[in-house]
Structures are given as C-alpha cells and as structure tokens.
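# Structure for the following, please:
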Amino acid sequence: MYKKNVMPAAAASIQTFGDFLGFNPHLHILACDGCFGDSVMFYASPLNINAEELESLFRHKVLSMLKRKGLITDRTIELISSWRHLSI
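Residues are numbered from 1 along each chain as shown. Predicted coordinates:
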C-alpha cells in the first residue's frame with residue numbers, strides 16, 4: 001500500500017581504512033525496512049524486498065551523483081564495478 005508523507009530511516013558511518021589499515025574509504029549503513037509517517041507511526045515494507053536490486057540501484061545512484069559532481073570519472077566507476085564484494 002502506498003503511503004504519503006513518510007520518511008525512511010537510516011544511520012551511516014564513514015570508514016577510511018580496511019582490514020590491514022590501508023586507505024579503503026567506504027560506508028557502513030543500517031537502514032530500516034520501512035518508513036516513519038507524520039504521526040511517528042512505522043510502516044513496515046513487505047517481506048518480499050529484493051535486496052540485490054536495491055543494492056544495485058543504490059550503487060548506481062551514488063556513483064552517478066559522484067560523477068555528476070566531478071568527483072569520479074567513468075574509469076573510476078569501471079574499476080569500482082569490477083570489485084568483488086564479499087557478503088558475511
């Protein structure tokens with residue numbers, strides 16, 4: 001069901017190092033599986049959310065925004081897209 005006047009909730013933390021303390025900037029994000037309404041009512045999303053599609057869309061939006069702002073190039077996007085991501 002579509003709800004008006006809702007706001008998603010998330011917390012993000014920037015981390016600039018990896019396992020071996022080398023420079024490896026990335027984000028850690030916790031996002032709720034729904035939205036909060038004007039009355040502070042929480043509306044849970046349906047259980048059939050495809051997280052892989054959302055991850056792909058999020059990655060595309062962030063990389064597109066960084067490119068639009070002149071912070072990265074097409075080559076950088078190619079390199080990032082070639083990385084193998086491990087899920088724990």
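# CA atoms only for the longest strand along the chain, dumped as CSV, please.
Using DSSP state E to define each element, the chain has its longest strand at strand 23-37. Only the C-alpha atoms of strand 23-37 are listed here, as CSV (Å, rounded to 0.1, in the frame of the first residue of the first chain):
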residue,chain,number,x,y,z
PHE,A,23,43.3,3.5,2.9
ASN,A,24,39.9,2.0,1.9
PRO,A,25,37.1,4.5,2.2
HIS,A,26,33.6,3.0,2.4
LEU,A,27,30.3,3.3,4.2
HIS,A,28,28.6,1.2,6.8
ILE,A,29,24.8,1.7,6.6
LEU,A,30,22.0,0.5,8.7
ALA,A,31,18.6,1.1,7.1
CYS,A,32,15.2,0.2,8.4
ASP,A,33,12.9,-2.0,6.3
GLY,A,34,10.1,0.6,6.2
CYS,A,35,9.3,4.3,6.8
PHE,A,36,8.1,6.6,9.5
GLY,A,37,4.9,8.6,9.0
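# what about the helices in this protein?
Using DSSP state H, the helices of the chain run over 51-68, 74-82.
# The first one packs against which elements?
What that stands for is helix 51-68. If contacts are counted by 3 or more C-beta pairs under 8 Å, 6 or more residues apart in numbering; DSSP states H and E, helix 51-68 sits against helix 74-82. Quick note: C-beta positions are derived from backbone N, CA and C, even for glycine.
# what packs against the helix it packs on?
Applying 3+ C-beta pairs under 8 Å, 6+ apart, one finds that helix 74-82 contacts helix 51-68.
# contact partners of the helix it packs on?
Contacts to helix 51-68, defined as C-beta atoms under 8 Å, 6 or more residues apart in numbering, come from residues 72, 73, 74, 77, 80.
# ok, the nearest residue to the second one once chain neighbours are set aside to residue 84 distance?
Of all residues not flanking residue 73 in the chain, residue 67 sits nearest, at 7.2 Å (C-beta to C-beta, 6 or more residues apart in numbering). Relative to residue 84, residue 67 is positioned 22 Å away (criterion: C-beta to C-beta, to the nearest Å).
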